[in-house]
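Student: What follows is a predicted structure for the sequence shown.
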There are 2 protein chains.
Amino acid sequence: MTTADARESTPSSKAPRTERGRKTLRKLLDAAAIEFGEKGFHEASITGITRRAGTALGSFYTYFDSKDEIFRALVDDLSGKVREAARDALQSELPALETERAALAGFLSFAREHKEIYRIIDECEFVDPQSFRHHYETTARRIHERLEEGMNRGELREGLGEAHAWAIMGMNVFLGLRYAVWSEEAAPEEVAELANSILRDGIAPRSSNKG
Amino acid sequence: MTTADARESTPSSKAPRTERGRKTLRKLLDAAAIEFGEKGFHEASITGITRRAGTALGSFYTYFDSKDEIFRALVDDLSGKVREAARDALQSELPALETERAALAGFLSFAREHKEIYRIIDECEFVDPQSFRHHYETTARRIHERLEEGMNRGELREGLGEAHAWAIMGMNVFLGLRYAVWSEEAAPEEVAELANSILRDGIAPRSSNKG
């Protein structure tokens, strides 16, 4: 669960109060990721989720009212995991450009292990458009904040704004689709370095940059 | 229809042979874009499409066997229009970096007028995964070819490859979602210039680029 987020994954009245409850909720969300990832929203079922989770049907209804509700909670949960994957890669105090590389490498590694995330977030556009938009808006805002921090420290050029954050997010999302979900032919670090070279130098001839 | 494409939108046996036939097919595809864009694949219907097109049901079956088939044809058709929108912007012989800016500005203008394209291509991931993949692979290949041409002419730095093309495509797709579909608060030219500044200079401080 991502309590730091603007929206809670479950209404607070349903949030688990015990460690055992938290474990059950975790099992249900992990099972939901597999069920929705494999079957898609429409074919997925609550009993499919509880079977995979090894929990009783009653446990499901302790935390969620419907398939829609656990899907929404799952999108929030995955959104939080994406954030954590990037953040884990940023533990040390890196310069701003290195931060972007580490965040992308962290995301690519995460996406390799959780390929279902693409299908789930993408299907969210149809099942719950608001959560879809929320996911990308918060992700872009996070990148935008990193850019502002980099500008404040003089490590990035002036004038970077929201559009640049969306451009970087788009790069990262499509590189993940290509090199984490569809194929693993290039290592996350290698792909992150190629993308980072655009942020570092652009794509113009180096001599003209240095001229 | 995008006859230059690797795949034809309709099997050749069903391709229209007369000008009148081509007009009817065009009407059906335009109507399908609105029907699928508004209702989504599952809620959309063949009668909904022919009603919007103002054609008889029989005309539909002259060209398509099913809702799936016109959906696939529509994705190919939109894919071709995206290519044309970028190509129209490239009529004059621009330097490679200007070409990328013009291609993005052209795409953003097109996406504003055809906001439904996002929903249709995105839903394609679920309705017809192969067409979804084909759309992005051909788009990335086109960008990759432009990068190679730019490298050959010495207008772009060496070493740009497929990953850079996917990064640029991702930038363009997400800038379109944000600034063409969700909001029109910034002009296509303005957004294209912000994205182009990344390709031109990267995001590092300019002084360090200039050594």
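Tutor: Right, received. Where do you want to start?

Student: switch to C-alpha atoms for all contacts and neighbour counts from now on
Tutor: Noted.

Student: Near chain B, which residues of chain A? Just list them.
Tutor: When proximity is defined by CA under 8 Å from any CA of the partner chain, chain A lies next to chain B at A:97, A:122-123, A:126, A:154-158, A:160, A:163-164, A:166-175, A:178, A:191, A:194-195, A:198-206, A:209-211.

Student: Which members of these occur in helices, if any?
Tutor: Cross-referencing the residues of chain A next to chain B against helices under DSSP state H gives A:97, A:122-123, A:126, A:163-164, A:166-175, A:191, A:194-195, A:198-201, A:206, A:209-210.

Student: Can you tell me how far the most centrally placed residue in chain A is from chain B?
Tutor: Closest to where the C-alpha atoms of chain A average out (CA atoms, centre = their mean) is A:Val82, at 2.8 Å. As judged by CA to the nearest CA, to the nearest Å, A:Val82 and chain B stand 17 Å apart.

Student: give the contact list for that residue.
Tutor: Going by CA atoms under 8 Å, 6 or more residues apart in numbering or on different chains, A:Val82 touches A:Phe107, A:Phe110.

Student: Point me to the helix or strand that includes it.
Tutor: helix A:67-88 (DSSP states H and E).

Student: Check A:Arg52 too.
Tutor: Per DSSP H and E: A:Arg52 is located in helix A:46-53.

Student: Tabulate the CA atom coordinates of that helix in CSV.
Tutor: C-alpha atoms of helix A:46-53 as CSV (Å, rounded to 0.1, in the frame of the first residue of the first chain):
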residue,chain,number,x,y,z
ILE,A,46,-13.0,-12.7,-8.0
THR,A,47,-12.9,-16.5,-7.5
GLY,A,48,-10.0,-16.6,-9.8
ILE,A,49,-8.2,-14.1,-7.6
THR,A,50,-9.0,-15.8,-4.3
ARG,A,51,-8.1,-19.2,-5.7
ARG,A,52,-4.7,-17.8,-6.8
ALA,A,53,-4.3,-16.1,-3.4
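
Student: Just the buried residues of it, please?
Tutor: A:Ile46, A:Gly48, A:Ile49, A:Thr50, A:Arg52, A:Ala53 (16 or more other CA atoms under 10 Å in any protein chain shown).

Student: Can you list the buried residues in the helix holding A:Val82?
Tutor: Buried, per 16+ other CA under 10 Å, within helix A:67-88: A:67, A:70-87.

Student: Nearest residue to A:Lys27 in space, please, no chain neighbours.
Tutor: Spatial nearest neighbour of A:Lys27, chain neighbours left out: A:Ala53 (5.4 Å); criterion: CA to CA, 6 or more residues apart in numbering or on different chains.

Student: so how far is chain B from that neighbour?
Tutor: A:Ala53 sits 25 Å away from chain B, going by CA to the nearest CA.
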